[in-house]
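Undergrad: Got a sequence here, can you model it:
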Amino acid sequence: MIRVAICDDHQIVRAGFKQIFSSSSDFSVVAEAGTGREALDIARREICDVLLLDIAMPDQSGIDTLRTIRQGQPELPVLILSGYPAQQYALNLFKMGANGYLNKECEADELMTAVRTVFQGRRYVSSTVGELLAQSFDRDTNAALHTELSDREFQVFLRLARGATVSDIGVALSLSIKTVSTYRTRIMEKMGLQSNSDLTYYAMKNNLLD
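TA: Model (predicted):
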């Protein structure tokens, strides 16, 4: 039996997933979390075989949560379940160590298949994500600029786009101001942008802000 933990800030969503898993004797929902900190606690306690993680959490993003999990529990399978389209976040999350990415509107059978896949130590790649991965290897593709960022650059980018100062980001991510400034410079160079306002506009245009 696969022990599943569901981490989503909406109780009704967690209830829906629990209902899906209850239809099969292969799964047991052993824990739930409504915040990023609760998700980290579940991961540290090592009580689940697969952790389902939403991107938008009230205290810290699923992106930050995933990075912390990977530092402490690198082998724990984490399946991202998000309401955002795959092209907005999937590639960056795979770079950060996610084992799979599914939209919350997926069919129940696909969800269970994805959980079984990551439980077996493999990555679950949907057809949509597969196309994005293929495009990322095509130099002629017009891939979204943010998919070229490293995982840490992507974290800094999202915080800058939300209006956080370099000092704020340094405190939140335990980085020096100089290091954050260096990341900001790299982000601007990679994306061909000039200011924080440009970052905010880009993030809004690509639906990357909560």
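
Undergrad: buried set for stretch 101-111?
TA: By 16 or more other Cβ atoms under 10 Å, the buried positions in stretch 101-111 come out as 101-103, 111. (Glycine included, C-beta is placed from N, CA and C.)

Undergrad: Repeat that for stretch 167-181.
TA: Within stretch 167-181, the residues that qualify as buried by neighbour count (16+ other Cβ under 10 Å) are 169-170, 173, 175, 179-180.

Undergrad: Quick check: next helix or strand after the lowest-mean-pLDDT helix or strand in the chain?
TA: Ranking every helix and strand in the chain by mean pLDDT, DSSP states H and E puts helix 127-136 at the bottom, with a mean of 70. Scanning forward in sequence from helix 127-136, with DSSP states H and E defining helices and strands, the next element found is helix 151-161.

Undergrad: Tell me the helices and strands packed up against that following helix.
TA: Packed against helix 151-161, as judged by 3 or more Cβ pairs under 8 Å, 6 or more residues apart in numbering; DSSP states H and E, are the following elements: helix 62-72, helix 86-95, helix 166-173, helix 177-191, helix 196-205.

Undergrad: Report the mean confidence score over the fourth one.
TA: Spelled out, it's helix 177-191. The average pLDDT within helix 177-191 is 92.

Undergrad: if we can go back for a sec, in helices, which of the buried residues of stretch 101-111 fall?
TA: Mapping those onto helices (DSSP state H) picks out L111.

Undergrad: Among the buried residues of stretch 101-111, show me the least confident.
TA: Ranking the buried residues of stretch 101-111 by pLDDT puts N103 at the bottom, with 87.

Undergrad: No further questions, thank you.
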